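Peer 1: quick check, what structure comes out for this input:
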Amino acid sequence: MKRDAVAYLNTRKKGDFAAQKGEVEDFCKYRFQIVEIFHDHRANATPPEKRKDFAAMMEYCSSNNSPDIIIYDLAGLARDPDVGLAALKTLNEDYTVYCVNNDFFGYRDEPEQRRAAIGNFLEYMEQYRESTRKTPLTVSKKTKKDDGRSIGRPRALNEGQVEALLTVRQAGTSISQICRMFDVSRSTVSKILADYPELKGEWKGARQEPEE
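Peer 2: Numbers count the residues shown, from 1 in each chain. Below is the predicted model:
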């Protein structure tokens, strides 16, 4: 039996709503019955809680005891990754969030385990941000001169940061967002994704779209 759910879309370009609505309907075909669709347009720079339809969705879910929310992808929650993760954390406290695209959490038929998986992801990202604030980047001894100075440029990201970068990329975060989040250049991200052709391929297709 299908479960009732609401959908939230945050579009950037004309025509996005119809395309995303179609994908949401295909995603929900066997699991959910969409009772309401909430839609904000060109609101990426506005925090979700200050958007008209996002706020309306939260009020609707609270008033109607609607526990399931469908979004197009995680990157659509906000342009700033930290703001998007904060919005996901807020939603995950009371609702079960499902992503049409780039959903790596699993447990689609087990809401409690799914919310636990999302919570674990959010906890990991918080620990990552905290560790990067406290731990300076290290330089290998082989890259130092006799006087202790570095030979060439140090690594842009350490292993933990690379792992976090891949995680947010798999979640649908754009290359531009990743560059801002980790304070690195596109060429650095390209080198990291060279060993992950499925992620690099998605980037090449997305680069042709003008950013807001």
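Peer 1: contacting residues for Val35?
Peer 2: By Cβ atoms under 8 Å, 6 or more residues apart in numbering, the contact list for Val35 reads Asp4, Ala5, Val6, Ser66. Where you see a C-beta, it was placed from the backbone N, CA and C, and this is true even at glycine.
Peer 1: likewise Phe38?
Peer 2: Per Cβ under 8 Å, 6+ apart, neighbours of Phe38: Val6, Ala7, Tyr8, Leu9, Asp53, Phe54, Ala56, Met57, Tyr60.
Peer 1: so where does the fourth one fall, helix or strand?
Peer 2: Element membership for Leu9, per DSSP states H and E: strand 3-11.
Peer 1: and the contacts of Phe38, which two are the farthest apart?
Peer 2: Pairwise distances among these were taken by Cβ to Cβ; the largest, 14.5 Å, belongs to Leu9 and Tyr60.
Peer 1: give me the pLDDT for Val139.
Peer 2: We have a pLDDT of 47 for Val139.
Peer 1: and Thr132, by the same measure?
Peer 2: 68.
Peer 1: which parts of the protein belong to which domain?
Peer 2: By the assignment in automatic domain parsing, the chain contains the domains 3-124, 153-212.
Peer 1: how about the ones you listed in a markdown table, adding distance to Glu130 and mean pLDDT?
Peer 2: A markdown table is the format used below for these (distance: least, Cβ to Cβ, whole Å; pLDDT from 0 to 100):
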| stretch | distance to Glu130 | mean pLDDT |
| --- | --- | --- |
| domain 3-124 | 11 | 93 |
| domain 153-212 | 11 | 73 |
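Peer 1: distance to Ser131 added to those, as a markdown table?
Peer 2: Shown next, in a markdown table, are the domains of the chain (distance: least, Cβ to Cβ, whole Å):
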| stretch | distance to Ser131 |
| --- | --- |
| domain 3-124 | 10 |
| domain 153-212 | 7 |
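Peer 1: that older thread, filter the contacts of Phe38 to the buried ones?
Peer 2: Neighbour-count burial (16 or more other Cβ atoms under 10 Å) applied to the contacts of Phe38 gives Val6, Ala7, Tyr8, Leu9, Asp53, Phe54, Ala56, Met57.
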